[in-house]
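In: sequence first, then the predicted structure, then my questions.
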Amino acid sequence: MKKTLVAACSLLALCASVASAAPGIDLAWTDCGSAGTTSQTWTCDTNTGIPFTLFASFIPPAGINQFVGISSQMDFTSTTPVLPDWWQHGTGLCRGTAGMTISFDFTSGPIACVDPWMGAAAFGSVYNAGFVTPNRARLIVQGAIPTEEALDPAAEYYAYKVNLQRSKTSGTGSCAGCLVPMCIVLNDCQLFQNPAAANDPDITNPGPTGNFATWQAQSIPNCPQSTPTHNSSWGKLKSLYR
């Protein structure tokens, strides 16, 4: 009888904790939220192997019954005065367009958070190296689904994945700076609904495990650090389907 009572109380406490979760955003390596880790280190000694993956996730507010997409901003800030070459992603930059990739596909796992995309997302992204200051980059990610979906305010959802490839890390043609500590901040996740709902909340509060992660350091002074966000628009999200 006592064991049953203890188990029931534990279950009630867990349910109360989940039900009372406030809207927030989390960022972690290897998986979402508490299933992942907030720091990632590596010896930077090879160009091959599985990518290092950052998981952006969110807990929505109540009333998201016609979810159709997301717009999000993430900042990468180095501990050096200038962003290292290893973090220079884009056409004509050291790591090119293949060093960092974005994905909304969670159909093959992991499953710690809820997948709102179910392999049907259309998406786009822009990475701006040297954003505001020479040692910062900003990543803007947008994704949309063709059908409306109701979100549960007691659940945490996958937003998207940022895959960092190991290419151009060592040897001839490598990009210097892989060992430089980085502070990575998920600034926001703005949720979009059918325009008729007139409710597109921009979530900026940290979630249960935090909206920042580090690279090559367990902690970094003054991390998290970021610059103000700006709202996107439903029109931009619709353009993903054109």
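Out: Structure received. The model shown is predicted, which means the values in this text are computed figures rather than measured ones. Numbering: from 1, shown residues only.
In: please save the CA atoms from stretch 120-127 in CSV.
Out: The C-alpha coordinates for stretch 120-127 follow below in CSV (Å, rounded to 0.1, in the frame of the first residue of the first chain):
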residue,chain,number,x,y,z
ALA,A,120,7.0,17.4,-44.2
ALA,A,121,8.8,20.7,-43.4
ALA,A,122,10.0,23.1,-46.1
PHE,A,123,12.8,25.3,-44.7
GLY,A,124,15.5,27.8,-45.4
SER,A,125,18.4,29.4,-43.5
VAL,A,126,20.9,32.3,-43.7
TYR,A,127,24.2,32.4,-41.9
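In: show the average pLDDT along that stretch.
Out: Across stretch 120-127, pLDDT averages out at 98.
In: buried ones in that stretch?
Out: 121-123, 125, 127 (16 or more other Cβ atoms under 10 Å). Just so you know, the C-beta spots here come from the backbone N, C-alpha and C atoms, and that holds for glycine as well.
In: what does that stretch contact?
Out: Stretch 120-127 is contacted from outside by 89-90, 100, 102, 104-105, 137-147, 160, 240-241, using Cβ atoms under 8 Å, 6 or more residues apart in numbering.
In: now the buried members of those.
Out: For the contacts of stretch 120-127, a burial check counting by 16+ other Cβ under 10 Å picks out 89-90, 100, 102, 104, 137-145, 160.
In: which secondary structure element of the protein has the lowest mean pLDDT?
Out: Ranked by mean pLDDT, DSSP states H and E, the weakest helix or strand in the chain is helix 2-19, scoring a mean of 40.
In: ranges for the strands of this protein?
Out: Ranges of strands in the chain, per DSSP state E, are 24-29, 39-40, 52-59, 67-78, 100-103, 122-129, 136-149, 157-164, 182-193, 202-203, 212-215.
In: what would the ones you listed look like in CSV with distance to Ser174?
Out: Below are these laid out as CSV (distance: least, Cβ to Cβ, whole Å):
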stretch, distance to Ser174
strand 24-29, 22
strand 39-40, 19
strand 52-59, 16
strand 67-78, 17
strand 100-103, 16
strand 122-129, 17
strand 136-149, 19
strand 157-164, 15
strand 182-193, 17
strand 202-203, 38
strand 212-215, 17
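In: show me the one of these that comes nearest Asp115.
Out: The closest of the strands of the chain to Asp115 is strand 157-164. By Cβ to Cβ, the value is 5.4 Å.
In: picking up where we left off before, between the buried residues of stretch 120-127, which is closest to Gln66?
Out: Ala121 (16.2 Å).
In: need the contact list for Thr147.
Out: Neighbour list for Thr147: 68, 120 [criterion: Cβ under 8 Å, 6+ apart].
In: what's the burial count for the closest residue to Arg138 other than its chain neighbours?
Out: Of all residues not flanking Arg138 in the chain, Phe131 sits nearest, at 4.0 Å (Cβ to Cβ, 6 or more residues apart in numbering). By other Cβ atoms under 10 Å, 19 other residues sit near Phe131.
In: out of the strands of the chain, nearest to Gly109?
Out: Closest approach to Gly109 among the strands of the chain (Cβ to Cβ): strand 157-164, 10.5 Å.
In: chain center to the closest one, what's the gap?
Out: The chain centroid and the centroid of strand 157-164 are separated by 5 Å under Cα atoms, centre = their mean, to the nearest Å.
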